[in-house]
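A.B. asks: what follows is a predicted structure for the sequence shown.
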Amino acid sequence: MGESNCRSTDDFSLAYALLRATLGVNIAMHGISRILAGVGVFTATLEKQFAAIPLPHFAVTAVGSALPWAEASIGLLVLAGAATRLALVAEGLLMLLLTFGSSLC
C-alpha cells in the first residue's frame, strides 16, 4: 500500500515538473524570440494587426512594448521554479490577456 502512495506522489511530481517546464519554455521562448527580433518590430506588427480593432492605439503599443519582457521573465521564473505560485498566476493572467486580444482579430 505504501508503494502505491509513493508511486502516485512520484507520478504527480513528474507530471507537475513536465507541465511547468513546458509552460515555462513556451512562454519564455515567445518573449525571448520577440526581444531578439526587436521589440519595435513586434510592436509594429501588433499595431497593424489591431488597426481595425476598437482598442486605443496607445494600449496596443504599450502591451506590444511590455509583452516580450513579461513573457520572457514569467516564462523563465516558471521554468526555474522560482516564485512558482506567483509566476504561474502571472502566466495565467497573461494567457487571459493574450486570449482576449487574439479573439478580437
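C.D. replies: Now that the structure is in, tell me what you want to look at.
A.B. asks: so what's the closest residue in space to Val60 that isn't next to it in sequence up against?
C.D. replies: Once flanking residues are discounted, Val60 sits nearest to Phe50: 4.7 Å by CB to CB, 6 or more residues apart in numbering. Using the backbone N, CA and C atoms, a C-beta is placed for each residue, glycine as well. Phe50 makes contact with 60, 101, 104-105, according to CB atoms under 8 Å, 6 or more residues apart in numbering.
A.B. asks: for Gly24, which non-adjacent residue is closest in space?
C.D. replies: Leu79 (2.9 Å).
A.B. asks: so the one you found versus Glu71, what's the distance?
C.D. replies: Distance from Leu79 to Glu71, counting by CB to CB, to the nearest Å: 12 Å.
A.B. asks: what is in contact with the two at once?
C.D. replies: Both Leu79 and Glu71 are contacted by Ala28, under the criterion CB under 8 Å, 6+ apart.
A.B. asks: can you pull the pLDDT of the spatially most central residue of the chain?
C.D. replies: Centroid-nearest residue in the chain, with CA atoms, centre = their mean: Ile27, separated by 3.7 Å. pLDDT for Ile27: 95.
A.B. asks: give me the element it is part of.
C.D. replies: Remark: Ile27 resides in helix 2-37, with elements defined by DSSP states H and E.
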